[in-house]
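Asks: this one's sequence-less:
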(Lines give C-alpha, C1' and ligand atoms only; values in the text may rest on other atoms or scores of the structure.)
Protein backbone atom coordinates (compact mmCIF):
# COMPACT_ATOMS: atom_id res chain seq x y z
CA UNK A 1 0.00 0.00 0.00
CA UNK A 2 1.91 3.01 -1.29
CA UNK A 3 1.29 6.31 0.50
CA UNK A 4 -0.09 9.22 -1.49
CA UNK A 5 1.90 12.43 -1.85
CA UNK A 6 -0.42 14.06 0.69
CA UNK A 7 0.12 11.29 3.24
CA UNK A 8 3.88 11.36 2.77
CA UNK A 9 4.00 15.09 3.37
CA UNK A 10 1.74 14.70 6.40
CA UNK A 11 4.04 12.04 7.88
CA UNK A 12 7.09 14.19 7.26
CA UNK A 13 5.55 17.23 8.94
CA UNK A 14 4.26 15.21 11.89
CA UNK A 15 7.65 13.58 12.43
CA UNK A 16 9.29 17.01 12.54
CA UNK A 17 6.58 18.21 14.92
CA UNK A 18 7.08 15.24 17.24
CA UNK A 19 10.86 15.62 17.22
CA UNK A 20 10.77 19.35 17.96
CA UNK A 21 8.12 18.85 20.63
CA UNK A 22 10.20 16.21 22.39
CA UNK A 23 13.47 18.10 22.13
CA UNK A 24 11.78 21.22 23.48
CA UNK A 25 10.35 19.27 26.40
CA UNK A 26 13.81 17.80 27.10
CA UNK A 27 15.04 21.31 27.84
CA UNK A 28 11.93 22.57 29.62
CA UNK A 29 11.80 19.52 31.86
CA UNK A 30 15.32 20.09 33.21
CA UNK A 31 14.50 23.62 34.35
CA UNK A 32 14.85 23.75 38.12
CA UNK A 33 16.06 20.18 38.38
CA UNK A 34 19.78 20.09 37.69
CA UNK A 35 21.58 23.39 38.48
CA UNK A 36 20.03 24.00 41.94
CA UNK A 37 20.36 20.32 42.77
CA UNK A 38 24.06 20.31 41.96
CA UNK A 39 24.61 23.37 44.16
CA UNK A 40 22.92 21.56 47.04
CA UNK A 41 25.02 18.47 46.46
CA UNK A 42 22.04 16.46 45.28
CA UNK A 43 21.88 14.32 42.15
CA UNK A 44 18.56 15.27 40.62
CA UNK A 45 15.46 17.09 41.90
CA UNK A 46 12.66 15.22 40.13
CA UNK A 47 10.01 17.43 41.74
CA UNK A 48 11.61 20.72 40.72
CA UNK A 49 10.85 23.01 37.82
CA UNK A 50 7.65 23.71 35.88
CA UNK A 51 7.18 20.06 34.82
CA UNK A 52 7.62 17.84 37.90
CA UNK A 53 7.68 14.07 37.95
CA UNK A 54 9.12 11.64 35.42
CA UNK A 55 9.35 12.35 31.70
CA UNK A 56 9.68 9.79 28.91
CA UNK A 57 10.43 11.15 25.44
CA UNK A 58 10.21 9.46 22.04
CA UNK A 59 12.73 11.29 19.83
CA UNK A 60 13.79 8.76 17.17
CA UNK A 61 10.62 6.66 17.37
CA UNK A 62 8.47 8.91 15.20
CA UNK A 63 7.99 6.42 12.30
CA UNK A 64 6.00 4.02 14.48
CA UNK A 65 3.44 6.67 15.37
CA UNK A 66 3.00 8.37 12.02
CA UNK A 67 3.15 5.21 9.92
CA UNK A 68 0.24 3.70 11.84
CA UNK A 69 -1.84 6.79 12.60
CA UNK A 70 -1.71 7.95 8.98
CA UNK A 71 -4.37 5.27 8.34
CA UNK A 72 -6.63 6.08 11.25
CA UNK A 73 -9.87 8.02 11.47
CA UNK A 74 -11.04 10.11 14.39
CA UNK A 75 -13.41 7.27 15.35
CA UNK A 76 -10.56 4.76 15.68
CA UNK A 77 -9.10 4.25 19.15
CA UNK A 78 -5.43 4.50 20.12
CA UNK A 79 -4.03 3.39 23.46
CA UNK A 80 -0.46 4.50 24.06
CA UNK A 81 2.31 3.79 26.54
CA UNK A 82 4.15 5.67 29.27
CA UNK A 83 6.10 7.27 26.36
CA UNK A 84 3.01 8.66 24.65
CA UNK A 85 3.56 12.06 23.03
CA UNK A 86 4.39 10.85 19.51
CA UNK A 87 1.25 8.71 19.42
CA UNK A 88 -0.92 11.54 20.75
CA UNK A 89 0.42 14.05 18.25
CA UNK A 90 0.03 11.63 15.33
CA UNK A 91 -3.56 10.83 16.42
CA UNK A 92 -4.45 14.52 16.39
CA UNK A 93 -4.54 15.36 20.10
CA UNK A 94 -4.29 19.20 20.32
CA UNK A 95 -0.90 20.41 21.45
CA UNK A 96 -2.14 23.16 23.79
CA UNK A 97 -4.19 21.11 26.28
CA UNK A 98 -1.73 18.23 26.02
CA UNK A 99 1.14 20.52 26.98
CA UNK A 100 -0.86 22.23 29.71
CA UNK A 101 -1.50 18.81 31.23
CA UNK A 102 2.23 18.20 31.52
CA UNK A 103 2.63 21.55 33.27
CA UNK A 104 -0.10 20.50 35.71
CA UNK A 105 -2.47 23.25 34.60
CA UNK A 106 -6.24 23.49 34.83
CA UNK A 107 -6.49 23.86 31.03
CA UNK A 108 -4.88 20.46 30.51
CA UNK A 109 -6.56 17.37 29.13
CA UNK A 110 -7.05 16.06 32.67
CA UNK A 111 -7.22 19.43 34.44
CA UNK A 112 -3.56 18.98 35.37
CA UNK A 113 -4.24 15.88 37.47
CA UNK A 114 -2.82 13.21 35.15
CA UNK A 115 0.52 14.44 33.89
CA UNK A 116 2.38 13.28 30.84
CA UNK A 117 1.78 9.53 31.30
CA UNK A 118 -1.99 9.90 31.66
CA UNK A 119 -3.20 11.81 28.62
CA UNK A 120 -6.88 11.27 27.83
CA UNK A 121 -8.68 12.88 24.90
CA UNK A 122 -12.13 11.35 24.27
CA UNK A 123 -12.69 13.64 21.26
CA UNK A 124 -9.77 11.98 19.47
CA UNK A 125 -10.21 8.60 21.19
CA UNK A 126 -6.71 8.64 22.63
CA UNK A 127 -5.53 7.39 26.00
CA UNK A 128 -2.36 6.09 27.60
CA UNK A 129 -1.04 4.68 30.85
CA UNK A 130 2.12 4.52 32.91
CA UNK A 131 1.63 0.79 33.54
CA UNK A 132 3.68 -1.55 31.35
CA UNK A 133 1.46 -3.63 29.08
CA UNK A 134 -1.68 -1.74 30.09
CA UNK A 135 -2.49 -0.61 26.54
CA UNK A 136 -3.50 -4.02 25.21
CA UNK A 137 -6.63 -4.93 27.22
CA UNK A 138 -8.33 -1.52 26.74
CA UNK A 139 -7.68 -1.69 23.00
CA UNK A 140 -9.43 -5.06 22.93
CA UNK A 141 -12.34 -3.46 24.76
CA UNK A 142 -12.57 -0.61 22.26
CA UNK A 143 -12.42 -3.08 19.37
CA UNK A 144 -15.18 -5.19 20.90
CA UNK A 145 -17.34 -2.10 21.44
CA UNK A 146 -16.89 -1.07 17.82
CA UNK A 147 -17.96 -4.47 16.57
CA UNK A 148 -21.00 -4.62 18.86
CA UNK A 149 -22.07 -1.24 17.51
CA UNK A 150 -21.70 -2.48 13.95
CA UNK A 151 -18.92 -0.04 13.10
CA UNK A 152 -15.80 -0.67 11.04
CA UNK A 153 -13.67 1.20 13.57
CA UNK A 154 -10.36 -0.27 14.66
CA UNK A 155 -8.34 -0.02 17.84
CA UNK A 156 -4.56 0.19 18.11
CA UNK A 157 -2.51 -0.83 21.13
CA UNK A 158 1.06 0.47 21.15
CA UNK A 159 3.49 -1.17 23.58
CA UNK A 160 7.20 -1.72 24.04
CA UNK A 161 9.08 -4.96 23.51
CA UNK A 162 9.46 -5.30 27.27
CA UNK A 163 5.67 -5.44 27.64
CA UNK A 164 5.55 -8.52 25.42
CA UNK A 165 6.66 -10.54 28.45
CA UNK A 166 3.70 -9.37 30.51
CA UNK A 167 0.61 -11.50 30.99
CA UNK A 168 -1.56 -8.75 29.53
CA UNK A 169 0.18 -9.24 26.16
CA UNK A 170 -0.58 -12.94 25.94
CA UNK A 171 -4.09 -12.67 27.35
CA UNK A 172 -5.01 -9.85 24.97
CA UNK A 173 -3.66 -11.56 21.86
CA UNK A 174 -5.47 -14.75 22.77
CA UNK A 175 -8.78 -12.97 23.34
CA UNK A 176 -8.49 -10.78 20.24
CA UNK A 177 -7.82 -13.76 18.03
CA UNK A 178 -10.53 -15.89 19.62
CA UNK A 179 -13.13 -13.18 19.08
CA UNK A 180 -11.62 -11.88 15.80
CA UNK A 181 -11.47 -8.34 17.16
CA UNK A 182 -10.56 -5.40 14.89
CA UNK A 183 -7.41 -4.51 16.76
CA UNK A 184 -3.81 -3.87 15.73
CA UNK A 185 -1.10 -4.66 18.29
CA UNK A 186 2.01 -2.59 17.59
CA UNK A 187 5.22 -3.58 19.37
CA UNK A 188 7.60 -0.63 19.45
CA UNK A 189 10.95 -2.40 19.76
CA UNK A 190 13.61 0.11 20.79
CA UNK A 191 15.89 -2.63 22.17
CA UNK A 192 15.69 -1.57 25.81
CA UNK A 193 13.07 -2.30 28.46
CA UNK A 194 14.20 0.57 30.67
CA UNK A 195 17.87 -0.52 30.88
CA UNK A 196 17.58 -4.22 30.05
CA UNK A 197 18.45 -5.30 26.53
CA UNK A 198 15.86 -7.36 24.71
CA UNK A 199 18.35 -10.20 24.25
CA UNK A 200 18.61 -10.52 28.04
CA UNK A 201 14.89 -10.62 28.71
CA UNK A 202 13.12 -12.22 25.74
CA UNK A 203 13.46 -15.79 24.50
CA UNK A 204 12.65 -15.02 20.86
CA UNK A 205 14.52 -12.70 18.54
CA UNK A 206 11.35 -11.06 17.24
CA UNK A 207 8.03 -10.71 19.00
CA UNK A 208 6.25 -10.80 15.65
CA UNK A 209 7.01 -14.55 15.66
CA UNK A 210 4.75 -14.95 18.69
CA UNK A 211 1.69 -14.07 16.61
CA UNK A 212 1.48 -17.59 15.16
CA UNK A 213 0.81 -18.99 18.63
CA UNK A 214 -2.41 -16.97 18.67
CA UNK A 215 -3.55 -17.60 15.12
CA UNK A 216 -2.93 -14.12 13.74
CA UNK A 217 -0.48 -12.62 11.26
CA UNK A 218 2.82 -11.40 12.66
CA UNK A 219 4.63 -8.71 10.66
CA UNK A 220 8.12 -7.36 11.28
CA UNK A 221 9.32 -3.98 10.03
CA UNK A 222 13.05 -4.24 10.59
CA UNK A 223 13.91 -0.64 9.80
CA UNK A 224 12.95 2.59 11.53
CA UNK A 225 11.26 3.79 8.36
CA UNK A 226 7.92 5.62 8.18
CA UNK A 227 6.99 4.38 4.70
CA UNK A 228 7.64 0.76 5.60
CA UNK A 229 5.54 1.11 8.73
CA UNK A 230 2.81 2.78 6.69
CA UNK A 231 2.70 -0.11 4.23
CA UNK A 232 2.59 -2.81 6.90
CA UNK A 233 0.08 -0.98 9.09
CA UNK A 234 -2.17 -0.24 6.14
CA UNK A 235 -2.58 -3.91 5.31
CA UNK A 236 -3.25 -4.81 8.95
CA UNK A 237 -5.78 -2.02 9.50
CA UNK A 238 -7.61 -2.83 6.26
CA UNK A 239 -7.77 -6.46 7.39
CA UNK A 240 -9.25 -5.42 10.71
CA UNK A 241 -11.85 -3.18 9.06
CA UNK A 242 -12.94 -6.11 6.89
CA UNK A 243 -13.66 -8.12 10.02
CA UNK A 244 -10.75 -10.52 9.54
CA UNK A 245 -9.30 -10.07 13.02
CA UNK A 246 -6.15 -8.79 14.70
CA UNK A 247 -2.54 -8.45 13.59
CA UNK A 248 0.69 -8.19 15.57
CA UNK A 249 3.07 -5.65 14.04
CA UNK A 250 6.59 -5.22 15.39
CA UNK A 251 8.71 -2.23 14.41
CA UNK A 252 12.42 -2.04 15.14
CA UNK A 253 12.90 1.58 16.14
CA UNK A 254 15.51 3.73 17.89
CA UNK A 255 15.33 5.68 21.13
CA UNK A 256 17.76 8.61 21.01
CA UNK A 257 17.19 9.79 24.58
CA UNK A 258 17.22 8.00 27.92
CA UNK A 259 14.42 5.83 29.20
CA UNK A 260 13.50 8.90 31.24
CA UNK A 261 14.98 12.37 31.36
CA UNK A 262 17.84 12.28 33.83
CA UNK A 263 18.66 8.68 32.94
CA UNK A 264 22.48 8.36 33.01
CA UNK A 265 22.26 5.66 30.30
CA UNK A 266 25.26 3.77 31.63
CA UNK A 267 23.80 0.60 30.11
CA UNK A 268 24.34 1.86 26.56
CA UNK A 269 27.60 1.11 24.73
CA UNK A 270 29.69 4.19 24.08
CA UNK A 271 28.75 5.88 20.81
CA UNK A 272 25.53 3.90 20.32
CA UNK A 273 23.23 6.91 20.01
CA UNK A 274 25.58 8.68 17.59
CA UNK A 275 25.48 5.61 15.36
CA UNK A 276 21.69 5.41 15.56
CA UNK A 277 21.35 9.05 14.59
CA UNK A 278 23.21 8.39 11.35
CA UNK A 279 20.06 6.58 10.22
CA UNK A 280 17.67 9.34 11.35
CA UNK A 281 14.26 8.63 9.73
CA UNK A 282 13.32 12.29 9.27
CA UNK A 283 16.02 13.37 6.79
CA UNK A 284 15.62 10.00 5.07
CA UNK A 285 11.94 10.67 4.40
CA UNK A 286 12.80 14.24 3.43
CA UNK A 287 15.29 12.98 0.84
CA UNK A 288 12.59 10.66 -0.55
CA UNK A 289 10.17 13.59 -0.89
CA UNK A 290 12.79 15.70 -2.63
CA UNK A 291 13.51 12.91 -5.08
CA UNK A 292 9.81 12.79 -5.96
CA UNK A 293 9.69 16.55 -6.42
CA UNK A 294 7.33 16.98 -3.46
CA UNK A 295 9.73 19.03 -1.33
CA UNK A 296 12.35 21.72 -1.87
CA UNK A 297 14.29 24.07 0.40
CA UNK A 298 11.60 26.75 0.42
CA UNK A 299 8.79 24.32 1.21
CA UNK A 300 10.87 22.61 3.90
CA UNK A 301 11.69 25.95 5.54
CA UNK A 302 8.03 27.00 5.50
CA UNK A 303 6.92 23.65 6.91
CA UNK A 304 9.41 23.83 9.77
CA UNK A 305 8.37 27.41 10.54
CA UNK A 306 4.72 26.32 10.82
CA UNK A 307 5.70 23.50 13.12
CA UNK A 308 7.87 25.71 15.34
CA UNK A 309 5.08 28.28 15.63
CA UNK A 310 2.61 25.61 16.80
CA UNK A 311 5.04 24.24 19.36
CA UNK A 312 6.06 27.65 20.69
CA UNK A 313 2.39 28.54 21.10
CA UNK A 314 1.65 25.26 22.88
CA UNK A 315 4.49 25.64 25.37
CA UNK A 316 3.58 29.26 26.06
CA UNK A 317 0.00 28.13 26.67
CA UNK A 318 1.24 25.47 29.07
CA UNK A 319 3.44 27.88 31.00
CA UNK A 320 0.89 30.68 31.33
CA UNK A 321 -2.30 28.71 31.98
CA UNK A 322 -3.61 28.78 35.56
CA UNK A 323 -3.04 25.99 38.05
CA UNK A 324 -6.09 24.17 39.42
CA UNK A 325 -7.59 25.70 42.54
CA UNK A 326 -6.79 23.76 45.73
CA UNK A 327 -10.48 23.42 46.47
CA UNK A 328 -10.93 21.59 43.13
CA UNK A 329 -8.69 18.70 44.18
CA UNK A 330 -11.61 16.27 44.45
CA UNK A 331 -13.40 17.38 41.28
CA UNK A 332 -13.33 15.19 38.17
CA UNK A 333 -11.88 12.19 40.01
CA UNK A 334 -13.34 8.93 41.29
CA UNK A 335 -14.30 8.93 44.96
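Replies: Cool, got the structure. Because the structure is a prediction, the values reported are computed rather than measured.
Asks: can you list the low-confidence ranges for this protein?
Replies: 1, 35-43, 335 (pLDDT under 70).
Asks: longest helix in it, please.
Replies: If you go by DSSP state H, the chain has its longest helix at helix 5-30.
Asks: elements contacting that helix?
Replies: helix 62-69, helix 85-91, helix 226-241, helix 281-291, helix 297-320 (3 or more Cβ pairs under 8 Å, 6 or more residues apart in numbering; DSSP states H and E). Heads up, the C-betas are built off the backbone N, CA and C, glycines and all.
Asks: closest to residue 134 out of those helices?
Replies: Nearest to residue 134, of all the helices and strands packed on helix 5-30, is helix 85-91, at 13.8 Å by Cβ to Cβ.
Asks: who are the packing partners of that closest one?
Replies: Short answer (3+ Cβ pairs under 8 Å, 6+ apart): helix 85-91 packs on helix 5-30, helix 62-69, helix 95-102, strand 126-127.
Asks: contacting residues around the residue nearest to the spatial centre of the chain?
Replies: Taking Cα atoms, centre = their mean as the criterion, residue 87 is the residue nearest the geometric centre of the chain, at 3.4 Å. Applying Cβ atoms under 8 Å, 6 or more residues apart in numbering, one finds that residue 87 lies in contact with 65, 69, 78, 80-81, 126, 128, 158.
Asks: same deal with residue 26?
Replies: By Cβ under 8 Å, 6+ apart, the contact set of residue 26 is 57, 59, 257, 261.
Asks: before we move on, what SS does the first one have?
Replies: Spelled out, it's residue 57. Of the three states, residue 57 takes coil under DSSP: H, G, I helix; E, B strand; the rest coil.
Asks: now do it against residue 240, distance only.
Replies: Between residue 57 and residue 240 the distance is 29 Å, computed by Cβ to Cβ, to the nearest Å.
Asks: what do you get for residue 144?
Replies: Separation of residue 144 from residue 240 (Cβ to Cβ): 12 Å.
Asks: neighbour-wise, which of the two wins?
Replies: residue 240 (26 against 17; other Cβ atoms under 10 Å).
Asks: that one touches residue 184, doesn't it?
Replies: Yes: applying Cβ atoms under 8 Å, one finds residue 240 in contact with residue 184, separated by 6.1 Å.
Asks: joint contacts of those two?
Replies: By Cβ under 8 Å, 6+ apart, residue 240 and residue 184 have these common neighbours: 154, 246-247.
Asks: in helices, which of the residues you listed appear?
Replies: Per DSSP H, the shared contacts of residue 240 and residue 184 never map to helices.
Asks: which one of these is nearest to residue 198?
Replies: Taking Cβ to Cβ as the measure, residue 198 lies nearest residue 247 of these, at 20.9 Å.
Asks: list the contacts of the closest one.
Replies: Under the criterion of Cβ under 8 Å, 6+ apart, the contact list for residue 247 reads 184-185, 211, 216-219, 235-236, 239-240.
Asks: nearest spatial neighbour of it, skipping sequence neighbours?
Replies: Take residue 247 and drop its neighbours on the chain: the residue closest to it by Cβ to Cβ, 6 or more residues apart in numbering is residue 236, 3.7 Å away.
Asks: next one: the one you found from residue 203, what distance?
Replies: Per Cβ to Cβ, residue 236 is found 24 Å from residue 203.
Asks: which one of the two has more residues nearby?
Replies: residue 236 (26 against 7).
Asks: quick one: the more buried one from residue 175, how far?
Replies: Taking Cβ to Cβ as the measure, residue 236 falls 18 Å from residue 175.
Asks: now swap in residue 228 and tell me
Replies: 29 Å.
Asks: could you look up the SS state of the nearest residue to residue 167 once chain neighbours are set aside?
Replies: Excluding the flanking residues, the one nearest residue 167 by Cβ to Cβ, 6+ apart is residue 133, at 7.6 Å. Three-state assignment for residue 133 (three-state DSSP): coil.
Asks: quick one: contacts for residue 133?
Replies: 159, 163, 166-169.
Asks: can you select the buried ones from the residues you listed in PyMOL?
Replies: Burial among the contacts of residue 133 is assessed by 16 or more other Cβ atoms under 10 Å; the matching PyMOL selection reads:
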select buried, resi 159+163+166+168+169
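Asks: now render the contacts of residue 133 as a markdown table, adding secondary structure and distance to residue 300.
Replies: Shown next, in a markdown table, are those (DSSP: H, G, I helix; E, B strand; the rest coil; distance: Cβ to Cβ, whole Å):
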| residue | secondary structure | distance to residue 300 |
| --- | --- | --- |
| 159 | strand | 33 |
| 163 | helix | 36 |
| 166 | coil | 41 |
| 167 | helix | 46 |
| 168 | helix | 42 |
| 169 | helix | 40 |
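Asks: max pairwise distance over the contacts of residue 133: which two?
Replies: 159 and 167 (12.8 Å).
Asks: any idea how far the residue lying closest to residue 96 once chain neighbours are set aside lies from residue 33?
Replies: Spatial nearest neighbour of residue 96, chain neighbours left out: residue 317 (4.4 Å); criterion: Cβ to Cβ, 6+ apart. Distance, residue 317 to residue 33, by Cβ to Cβ: 22 Å.
Asks: alright, I will stop here.
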